[in-house]
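[1] requesting a structural model of the entry that follows:
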Amino acid sequence: MLSVEDHRFYKHFGIDLIAIGRATINDIKAMDFVEGGSTITQQLAKNIYFTQDKKFERKIAEVFMAVKIENKCEKDEILELYLNTSYF
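    Model prediction:
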């Protein structure tokens, strides 16, 4: 699951700038939201605190919340919470 969703999970601080950059470039090319760059921590923040709407404002709030979650929880706790709140 980590290799598909967030293969740098144990190496970042809640946001993955490489993934965000890649997704931004692909979204600009398509002129639409076609690719996500969210980390597991960002997805956890979205699942717990926000709606599933694809809005820029929500995405920014999600980034700040992800950093806050990373400062409060261990990586394994974040992964466990994500797995228990995911909508597969």
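
[2] flag every buried residue along the helix of greatest length in the chain.
    Ranked by number of residues, the top helix in the chain under DSSP state H is helix 56-72. For helix 56-72, the neighbour count (16 or more other Cβ atoms under 10 Å) marks R58, K59, E62, V63, M65, A66, V67, I69, E70 as buried. Bear in mind the C-beta positions are built from the backbone N, C-alpha and C, glycine included.

[3] cool, stretch 14-30 as well?
    For stretch 14-30, the neighbour count (16+ other Cβ under 10 Å) marks G14, I15, D16, A19, I20, A23 as buried.

[4] separation between the fifth one and E80?
    By that I understand I20. Going from I20 to E80 by Cβ to Cβ, to the nearest Å gives 24 Å.

[5] same thing with the third one?
    Summarising the geometry, the distance separating D16 from E80, computed by Cβ to Cβ, is 20 Å.

[6] hang on, the earlier thing: and of the buried residues of helix 56-72, the nearest to I28?
    The closest of the buried residues of helix 56-72 to I28 turns out to be K59 (Cβ to Cβ; 14.6 Å).

[7] which pLDDT value belongs to the closest one?
    Confidence at K59, expressed as pLDDT, is 85.

[8] F88 now?
    F88 carries a pLDDT score of 55 in this model.

[9] by contact count, what packs against the helix or strand bottoming out on mean pLDDT in the chain?
    None of the helices or strands of the chain scores lower by mean pLDDT, DSSP states H and E than helix 2-5, at a mean of 89. With contacts taken as 3 or more Cβ pairs under 8 Å, 6 or more residues apart in numbering; DSSP states H and E, helix 2-5 sits against helix 40-49.
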